[in-house]
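Undergrad: have a look at this fold, sequence not included:
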């Protein structure tokens, strides 16, 4: 049992302002596995006050970038020492398959941390330019201030570090609000932050629900908000930040297309889509859940995908043999299941999966991995983010039609092209309006910017581009000599 009794406020473990608790229930057993305090608005006030004091009066934002990098280097080492524990905890609290909790959550997080440190070493924190009138101009990138970070439950550590680490490297102070489904891993991270020796006031961790998150967004002491979550919530946050002209970055939903060209090696493509489309049991904003296949190979593609999905082992996420785990919560299980009726009601055909529990399972928030065929791009199952192991296979006439279908979405977060001609795949990728793509793969590479077009968000994370949103530009003209 993972139990926390205190909140992490400004680098100190403090008793919460109320007795309200968050119970964490295993998505696999439906049994209680832990608990944490539920933060209130009063706790937000305390955390923001600590962050504000550390930013306005403390040393952290005034340290040389290299000094902050040394502190973050200590964080990286402390984090790497506890990767196994963190992976087990994530699987326990949200049901992520253990193979993915290791590979796609903690190991990827540690790698991204190192990539961000490398980007900070090369980042132009201050430069000198020749002015238009012959003077010298100093251009500085200074920390934006107090940052409110709100993260989702599906990849909590990876998403958190994409915001926390750039903010720290830039010299900001941070208040983190984890999702109520996954409070434990963020509080465990607070223990690691303690080991890294961050100064007082620099980081707080406050698990809470939506109302407290909105209070953090609108708090007058917060200068910037960094959010990952649904597009609906992102629109709300953007409107609130717009009222106060508050800086904001948003990484939101997706309905990504995988374009299979006629010359693609189908067995290799299907094996690649197992990861690209069904990562984290389909609970991923970047999942390639619209599979586009030409009419010439459509039935062949549907058959190959159906065989792959039907063979996926589903069950206990702690068992390395299982590829698909449960949904994070009962409501998510029910939400995904509703799309089976929606899809068939619109005329799509289920080739594997569909309603009911996976074979051999009687408990847990599971759904059967599912493939829909005969899908048109105007169907809800092709337009709405289902956030589960559900694929929709859509036919196209030619490559121009494939690009048009891929672009016919309110989202633009991820995508992929599958072909034996990599250069041609790159040409197709250039035509798809989405923030990240892969040719014969899909990866989030922490050395490159990650983010979306259209309703998939505002701003970018990772690489040097991921540091920029946590800075403000200042120009200083020097006197003529």
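TA: Received, thanks. Treat the numbers as computed from the prediction; the structure is a model and nothing was measured.
Undergrad: isn't residue 332 up against residue 386?
TA: No - Residue 332 is beyond contact range of residue 386, at 10.0 Å (criterion: C-beta atoms under 8 Å). C-betas here are computed from N, CA, C, even on glycine.
Undergrad: who has more neighbours, the two?
TA: Just comparing residue 332 and residue 386: by other C-beta atoms under 10 Å the higher neighbour count belongs to residue 386, 25 against 22.
Undergrad: quick check, pLDDT for the more buried one.
TA: Listed pLDDT for residue 386 reads 98.
Undergrad: once you drop chain neighbours, what's closest to it?
TA: Leaving aside its chain neighbours, residue 386 sits nearest to residue 339 (5.1 Å; criterion: C-beta to C-beta, 6 or more residues apart in numbering).
Undergrad: over to residue 440?
TA: Computed as C-beta to C-beta, 6+ apart, the closest residue to residue 440 that is not its neighbour in sequence is residue 418, at 5.8 Å.
Undergrad: that neighbour bridge partners, please.
TA: Residue 418 forms beta bridges with residue 260, as assigned by DSSP bridges.
Undergrad: follow-up on the earlier one: could you list the buried residues of whichever strand or helix holds the residue nearest to residue 386?
TA: In this assignment (DSSP states H and E), residue 339 forms part of helix 330-345. Of all the residues in helix 330-345, those buried under the rule 16 or more other C-beta atoms under 10 Å are 332-333, 336-337, 339-340, 343.
Undergrad: distance to residue 315 and pLDDT added to the residues you listed, as JSON lines?
TA: Below are the buried residues of helix 330-345 laid out as JSON lines (distance: C-beta to C-beta, whole Å; pLDDT from 0 to 100):
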{"residue": "332", "distance to residue 315": "17", "pLDDT": "98"}
{"residue": "333", "distance to residue 315": "15", "pLDDT": "98"}
{"residue": "336", "distance to residue 315": "17", "pLDDT": "98"}
{"residue": "337", "distance to residue 315": "18", "pLDDT": "98"}
{"residue": "339", "distance to residue 315": "22", "pLDDT": "98"}
{"residue": "340", "distance to residue 315": "20", "pLDDT": "98"}
{"residue": "343", "distance to residue 315": "24", "pLDDT": "98"}
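Undergrad: relative to residue 352, which of those is nearest.
TA: Lowest distance from residue 352 to those (C-beta to C-beta) belongs to residue 340, with 11.8 Å.
Undergrad: that closest one and residue 356 touch, don't they?
TA: No - contact criterion C-beta under 8 Å: residue 340 and residue 356 do not qualify, at 9.2 Å.
Undergrad: on that earlier part again, mind listing what the residue nearest to residue 440 touches?
TA: When contacts are counted by C-beta atoms under 8 Å, 6 or more residues apart in numbering, residue 418 is found next to 258-261, 264, 269, 272-273, 425, 439-440.
Undergrad: hmm, which two among the residues you listed are most spread apart?
TA: With C-beta to C-beta as the measure, no two of the contacts of residue 418 lie farther apart than 273 and 425, at 14.5 Å.
Undergrad: more neighbours: which of those two?
TA: Using other C-beta under 10 Å, the more surrounded residue of residue 273 and residue 425 is residue 273, with 25 against 22.
Undergrad: quick one, what contacts that one?
TA: Neighbour list for residue 273: 258, 288, 291, 305, 308, 418 [criterion: C-beta under 8 Å, 6+ apart].
Undergrad: can you confirm the second one is in a strand?
TA: Which is residue 288. No - Residue 288: not assigned to a strand; according to DSSP: H, G, I helix; E, B strand; the rest coil it is coil.
Undergrad: SS state for the residue nearest to the spatial centre of the chain?
TA: For the chain, residue 159 is the residue whose C-alpha lies nearest the centre (C-alpha atoms, centre = their mean; 4.3 Å). Put simply, residue 159 is helix when judged by three-state DSSP.
Undergrad: quick one on the thing from earlier: ok, the residue nearest to residue 440 to residue 327 distance?
TA: Distance from residue 418 to residue 327, counting by C-beta to C-beta, to the nearest Å: 28 Å.
Undergrad: next one: residue 363
TA: 13 Å.
Undergrad: the two - which one has more neighbours?
TA: residue 327 (25 against 12).
Undergrad: ok, now which ones touch that one?
TA: The contact partners of residue 327, by C-beta under 8 Å, 6+ apart, come to 27, 95, 281, 283, 333, 336, 365-367, 388.
Undergrad: just confirm it is within a helix.
TA: No - secondary structure assignment places residue 327 outside any helix; it is coil (three-state DSSP).
Undergrad: how far away is it from residue 386?
TA: Residue 327 sits 11 Å away from residue 386, taking C-beta to C-beta as the criterion.
Undergrad: so what sits against both of these two?
TA: In contact with both residue 327 and residue 386: residue 336, using C-beta under 8 Å, 6+ apart.
Undergrad: quick check: domain ranges of the chain?
TA: Domain ranges of the chain: 2-252+456-477, 257-445, per automatic domain parsing.
Undergrad: and the last one, how far apart are its ends?
TA: Looking back up the chat, that one is domain 257-445. When the termini of domain 257-445 are compared using C-alpha to C-alpha, to the nearest Å, they are 19 Å apart.
Undergrad: repeat for stretch 200-207
TA: Length of stretch 200-207, first residue to last, C-alpha to C-alpha: 19 Å.
Undergrad: now swap in stretch 32-41 and tell me
TA: OK, stretch 32-41 end separation, C-alpha to C-alpha: 26 Å.
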